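Peer 1: next input, structure requested:
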Amino acid sequence: MQYRIIRPFDPWKAESLCTCPFKYTVNPYTGCSHACLYCYASSYIKDAFTPRPKSNLLGNVLKDLRVIPKGSIINISSSSDPYIPLEEKKQLTRKILERIIDNYVVEIVTKSNLVTRDISILKRGRAVVSITITTLDEKLASIIEPGAPSPLKRIEAIKELSENNIPVVLRFDPLLPFLTDNEENIRNIVRTAAKAGAKHLVSSTYKAKIDNLSRILSAFPTLSEKYREMYLKDGERIHGSRYAPKKYREAILLKVKEEAKRNSLTFATCREGLQHLNDKEVTCDGTSLAKINR
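Peer 2: Alright, predicted model coming up:
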């Protein structure tokens, strides 16, 4: 079947790694102004940190919705944040939401507190919002996620969404070795997000590509030897990315899971091949938490 803009979610055809339920995904924008150092999308999107609206977006959305079964999960979005500052002016994410909220399960993935603007729409149907937080250290966040809202604003967004009965997933993703994978950071993020109302936690480790590794080592040159050893020497290549050694990934994600359990959050990993760490009572992406708020 030919889709124009809303397509089946099939990340890198990595069936053995992706444990998400079948869903569709739509990106209102090409590129993202958050300009995160660890961004993987910059490896396949030209001018990835200069976002622009998709052409004829709404027309193509309406055509695709004619063939996408009602009740399906639609993710917004997988390659670029749907709530970049450009959204305040263009409101393309909002316009898509208005057209899908009544007939589909909606999954939002964002680093922005702008998502709270659309609470009134999200409350109309079945929706879940995933908010990414990698550190609560404002200085560190300004380096690794220079264009994104501060972590404090994201915590406030979790609280506001939760108070409106919209389930929130904490995406602790990615864990950056020697930067955000320490026990204090793990404890602070999980406890703070849980207190704000998050119900589920998805976590994964940093996956190295040539461009994002270059950005990270440019910002943190003292980590050059450690990262090159961990990823280029001792790591493994999986679906076009360099993964840290499995022993490290399993150990650090187990620590995150243990903290999640101490704070009554369900837990899952993302694209790690460590499905045995995932809780069975929820889908890995948290879409099973979506409920009708009418």
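Peer 1: ok, the residue lying closest to His200 once chain neighbours are set aside - contacts?
Peer 2: Excluding the flanking residues, the one nearest His200 by Cβ to Cβ, 6 or more residues apart in numbering is Gly286, at 4.1 Å. Every C-beta, even on glycine, is put in place using the N, C-alpha and C of the backbone. By Cβ atoms under 8 Å, 6 or more residues apart in numbering, the contact set of Gly286 is 107, 128, 130, 167, 169, 199-200, 202, 266, 268.
Peer 1: now, of these, which are buried?
Peer 2: 107, 128, 130, 167, 169, 199-200, 202, 266, 268 (16 or more other Cβ atoms under 10 Å).
Peer 1: inside helices: which ones of those?
Peer 2: Residues of these located in helices (DSSP state H): none.
Peer 1: dump those to JSON lines, plus distance to Thr93.
Peer 2: Converted to JSON lines, these look like this (distance: Cβ to Cβ, whole Å):
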{"residue": "Glu107", "distance to Thr93": "13"}
{"residue": "Val128", "distance to Thr93": "15"}
{"residue": "Ser130", "distance to Thr93": "14"}
{"residue": "Pro167", "distance to Thr93": "19"}
{"residue": "Val169", "distance to Thr93": "18"}
{"residue": "Lys199", "distance to Thr93": "23"}
{"residue": "His200", "distance to Thr93": "22"}
{"residue": "Val202", "distance to Thr93": "21"}
{"residue": "Thr266", "distance to Thr93": "26"}
{"residue": "Ala268", "distance to Thr93": "25"}
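Peer 1: now those residues as JSON lines including pLDDT and distance to Val26?
Peer 2: Shown next, in JSON lines, are the buried ones among the contacts of Gly286 (pLDDT from 0 to 100; distance: Cβ to Cβ, whole Å):
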{"residue": "Glu107", "pLDDT": "98", "distance to Val26": "11"}
{"residue": "Val128", "pLDDT": "98", "distance to Val26": "16"}
{"residue": "Ser130", "pLDDT": "98", "distance to Val26": "15"}
{"residue": "Pro167", "pLDDT": "98", "distance to Val26": "20"}
{"residue": "Val169", "pLDDT": "98", "distance to Val26": "19"}
{"residue": "Lys199", "pLDDT": "98", "distance to Val26": "24"}
{"residue": "His200", "pLDDT": "98", "distance to Val26": "22"}
{"residue": "Val202", "pLDDT": "98", "distance to Val26": "20"}
{"residue": "Thr266", "pLDDT": "98", "distance to Val26": "26"}
{"residue": "Ala268", "pLDDT": "98", "distance to Val26": "23"}
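Peer 1: and those residues, which two are furthest apart?
Peer 2: Distance extremes for the buried ones among the contacts of Gly286: the farthest pair is Glu107 and Thr266 at 15.6 Å, using Cβ to Cβ.
Peer 1: can you pull out the strands in the stretch 151-294 of the chain?
Peer 2: In the stretch 151-294 of the chain, the strands defined using DSSP state E, counting those that start in this stretch lie at 168-175, 200-205, 236-238, 241-243, 266-269, 291-292.
Peer 1: could those go into JSON lines alongside distance to Ile186?
Peer 2: Compiled in JSON lines, these are given as follows (distance: least, Cβ to Cβ, whole Å):
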{"stretch": "strand 168-175", "distance to Ile186": "8"}
{"stretch": "strand 200-205", "distance to Ile186": "9"}
{"stretch": "strand 236-238", "distance to Ile186": "24"}
{"stretch": "strand 241-243", "distance to Ile186": "20"}
{"stretch": "strand 266-269", "distance to Ile186": "12"}
{"stretch": "strand 291-292", "distance to Ile186": "29"}
